[in-house]
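> sequence first, then the predicted structure, then my questions.
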Amino acid sequence: MLQPIGDRVIVKVKEEEEKTVGGIVLASNAKQKPTEGEVVAVGEGNYAENGSKIPMTVKEGDVVLYDKYSGTDVKYDGEKYLVLHEKDILAIVK
Amino acid sequence: MLQPIGDRVIVKVKEEEEKTVGGIVLASNAKQKPTEGEVVAVGEGNYAENGSKIPMTVKEGDVVLYDKYSGTDVKYDGEKYLVLHEKDILAIVK
Amino acid sequence: MLQPIGDRVIVKVKEEEEKTVGGIVLASNAKQKPTEGEVVAVGEGNYAENGSKIPMTVKEGDVVLYDKYSGTDVKYDGEKYLVLHEKDILAIVK
Amino acid sequence: MLQPIGDRVIVKVKEEEEKTVGGIVLASNAKQKPTEGEVVAVGEGNYAENGSKIPMTVKEGDVVLYDKYSGTDVKYDGEKYLVLHEKDILAIVK
Amino acid sequence: MLQPIGDRVIVKVKEEEEKTVGGIVLASNAKQKPTEGEVVAVGEGNYAENGSKIPMTVKEGDVVLYDKYSGTDVKYDGEKYLVLHEKDILAIVK
Amino acid sequence: MLQPIGDRVIVKVKEEEEKTVGGIVLASNAKQKPTEGEVVAVGEGNYAENGSKIPMTVKEGDVVLYDKYSGTDVKYDGEKYLVLHEKDILAIVK
Amino acid sequence: MLQPIGDRVIVKVKEEEEKTVGGIVLASNAKQKPTEGEVVAVGEGNYAENGSKIPMTVKEGDVVLYDKYSGTDVKYDGEKYLVLHEKDILAIVK
């Protein structure tokens, strides 16, 4: 399990379904980088300058939209994740 | 539904009406990027450094003006939206 | 009507009078961008980091001086305005 | 009259005396940009992040030294002024 | 022993196991820089602007993920370490 | 007299003694810019974001070391001074 | 004696021992810039934005590690020192 630091959020990127032709999976080179994913872990939040902790808005299980240039890709336990600061998440899909 | 994070606001961009010639809709390539739109969702606001939440000024339904280079385009449910930080909105049209 | 966001101010730019020759209005291409205008709308002010609202100094009707590279031009209802942050206004002309 | 905004100060630039030859005023092209001037108007000061107003140090009538690259030149009522942030003033000449 | 300053953390980088062919250790030139390591020392934390100390989240013994471009390499007592600001750690592996 | 603004300090630069050859003063072109000087005036200090004034550490008469690229040269009353922010002073020579 | 300003620390750089061949000291041009040194003086610390003084972590006599690109070299009384902000010190060697 990964426990993100500060205001970070770990997102399991939603793989686009591959198109298949006659049962053969075609890996599309032109596939756009996904920008939607499911939150799998949430940090404890940053500290404000008065020493209080700023609560997080997103929570585990939320589906979120993010800009395709945000975050850091990490590979863990054979899976690909994206680690994002919460402030780089655009919106929660409800 | 999209719930924006922090001080973000989601705007439904006001499509300029297409000019038609004899009933045929002409897609103008030269159309300027719109800078007016209707707010469809509003974040809960950012936190100040004393840990208090800064209230948002705009609200759902407001028509707002913004600089044409502001924000991030998102596509959701077949519709195009713009996600903006409230501080990048110039004014509310009343 | 336009209601500016945060510490923004909307200024009606003072058009320089056109020189006329024999009654014909000459549009001067070389006209300097104006740097004086009348405030037509004032935002509610930004929030300080302790959560309090910082009061605005300028008010509707003030004539203000600003640097010619400041602000964003907006067109609204056939009129041209300049949207400025109050901190980019140099002085109030009294 | 000009009332500067925030921590701005308006300075009447001290014109260097022109050298004259036989009563003819010589406009020197090589004159260095002046860096000394008299304060003619003072803003009310900026707000600190706790919402209090930071008092100004300079006052009307002070002669001040400033770096020759500081501030914005404005022309008002036929006179040339320099608008400076107080923090760009180096020292008061006493 | 090294005692990191402020919000710094010292990480013992996890060496990737060398592949061997017939018992000969092959030093891979193409080995990716490791991005996982064990925390061996933790600073006391930074001070917030209200003068209070911000507590650290990671602790000695934690295995952490970090971006491969973060931190400063130091050699101490024949061992290689990475000195990172806690905010540059992505997540704790639990 | 010069009264520096904010956290500024005015330093009388220590002239290196000229080498003389047979009584003739040689102006060395290669003289390094001095980095030591005596404080002749001290500002009242900056304001912190809580509105309190931050006290100055250096005082008139202190000999200080500074980086040769710091500060602004000013000429006043025929003398050369350096105006520095206190935070650009490295150390007081005691 | 040098008294550093703010959060600065003065470090006596640890000279690497010269290699000698047959008693002749060889000055190595390729010697790496040292990154370890002994603290000989410590500033009183910076002020936080609430006006309180932030205590220093390092103290006189501490041996510290720093990045080879940090700080300013000063020469004083025939000795070479490095003046560093405490935040640029990586760790105390204990």
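Now that the structure is in, tell me what you want to look at. Small disclaimer: the values here were computed from a predicted structure and weren't measured.

> ok, residue A:55 - contacts?
Neighbouring residues of residue A:55 by Cβ atoms under 8 Å, 6 or more residues apart in numbering or on different chains: residue A:45. (C-beta placed from N, C-alpha, C; glycine too.)

> and for residue A:37?
A:11, A:12, A:13, A:14, A:63, A:64, A:66, A:82.

> quick check: bridge partners of the residue at minimal distance from the centre of chain A?
Central residue of chain A (Cα atoms, centre = their mean): residue A:11, 2.4 Å from the mean position. With DSSP bridges as the criterion, the beta-bridge partners of residue A:11 are residue A:39, residue A:82.

> ok, it touching residue A:84?
Yes - between residue A:11 and residue A:84 there is a contact under Cβ atoms under 8 Å: 6.1 Å.

> got any residues that touch both of those two?
A:66, A:71.

> the residue in chain A that chain D sits nearest to: neighbour count?
Taking Cβ to the nearest Cβ as the measure, chain A has residue A:49 as its residue closest to chain D, at 8.8 Å. Using other Cβ atoms under 10 Å in any protein chain shown, residue A:49 has 21 neighbouring residues.

> repeat for the one 5 residues further on
The burial metric for residue A:54, expressed as a neighbour count using other Cβ under 10 Å, is 19.

> quick one: contacts for it?
Counting by Cβ under 8 Å, 6+ apart, residue A:54 has contacts A:7, A:45, A:46, A:47, A:48, B:47, B:51.

> do the same with residue A:93
Residue A:93 touches A:36, A:62, A:63, A:64, A:65, B:1, B:2, B:76, counting by Cβ under 8 Å, 6+ apart.

> ok, what's across the strand from the residue nearest to the last one when sequence neighbours are not counted?
Here the nearest residue to residue B:76 in space, its sequence neighbours aside, is residue B:2; by Cβ to Cβ, 6 or more residues apart in numbering or on different chains that works out to 5.9 Å. Residues in a beta bridge with residue B:2, per DSSP bridges, are residue A:93.

> looking at the contacts of residue A:37, spot the one nearest residue G:71.
Distance to residue G:71, by Cβ to Cβ, is smallest for residue A:82 among those, at 37.3 Å.

> next, the contact list for the closest one, please.
Residue A:82 sits next to A:10, A:11, A:13, A:37, A:66, A:70, A:71, A:72, A:73, A:74 when contact means Cβ under 8 Å, 6+ apart.

> where in chain A is pLDDT low?
Along chain A, segments meeting pLDDT under 70 span A:16-34.

> at 80 instead, please
In the predicted model of chain A, residues A:14-34 satisfy pLDDT under 80.

> can you pull out the strands in it?
Remark: strands assigned in chain A by DSSP state E are A:2-4, A:8-13, A:20-21, A:24-25, A:36-42, A:63-66, A:72-76, A:79-85, A:89-93.

> what lies in contact with the first one?
With Cβ under 8 Å, 6+ apart as the test, strand A:2-4 has contacts from A:10, A:40-43, A:74, A:76, A:81, A:83, E:65, E:90-94.

> can I have the buried ones of those residues as a PyMOL selection?
To isolate the buried members of these in PyMOL, using 16 or more other Cβ atoms under 10 Å in any protein chain shown:
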select buried, (chain A and resi 10+40+41+42+43+74+81+83) or (chain E and resi 65+90+91+92)
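
> so residue A:10 touches residue A:85, yeah?
No - using Cβ under 8 Å as the test, residue A:10 is too far from residue A:85 to be in contact (11.4 Å).

> hmm, back to that, so for residue E:56, which of the strands of chain A sits nearest?
strand A:2-4 (13.7 Å).

> so how far is that closest one from its chain's centroid?
12 Å (Cα atoms, centre = their mean, to the nearest Å).

> same deal with stretch A:5-13?
6 Å.

> any chance of the contacts of residue A:82 in JSON lines, with distance to residue C:55 too?
JSON lines is the format used below for the contacts of residue A:82 (distance: Cβ to Cβ, whole Å):
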{"residue": "A:10", "distance to residue C:55": "43"}
{"residue": "A:11", "distance to residue C:55": "41"}
{"residue": "A:13", "distance to residue C:55": "46"}
{"residue": "A:37", "distance to residue C:55": "43"}
{"residue": "A:66", "distance to residue C:55": "37"}
{"residue": "A:70", "distance to residue C:55": "36"}
{"residue": "A:71", "distance to residue C:55": "39"}
{"residue": "A:72", "distance to residue C:55": "42"}
{"residue": "A:73", "distance to residue C:55": "46"}
{"residue": "A:74", "distance to residue C:55": "47"}
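
> most widely separated two among those?
Distances among the contacts of residue A:82 were taken as Cβ to Cβ; the most separated pair is A:66 and A:74, at 14.8 Å.

> list only buried entries from the contacts of residue A:93.
Buried members of the contacts of residue A:93, scored by 16+ other Cβ under 10 Å, are A:62, A:63, A:64, A:65, B:2, B:76.

> what about residue A:68, neighbour count?
Neighbours of residue A:68 (other Cβ under 10 Å): 10.

> wait, it sits on residue A:35?
Yes - applying Cβ under 8 Å as the test, residue A:68 and residue A:35 come out as touching, 5.0 Å apart.

> could I get the contacting residues of the closest residue to residue A:56 other than its chain neighbours?
Residue nearest to residue A:56 in three dimensions, not counting chain neighbours: residue A:45, with 5.0 Å by Cβ to Cβ, 6+ apart. Neighbour list for residue A:45: A:6, A:7, A:53, A:54, A:55, A:56 [criterion: Cβ under 8 Å, 6+ apart].
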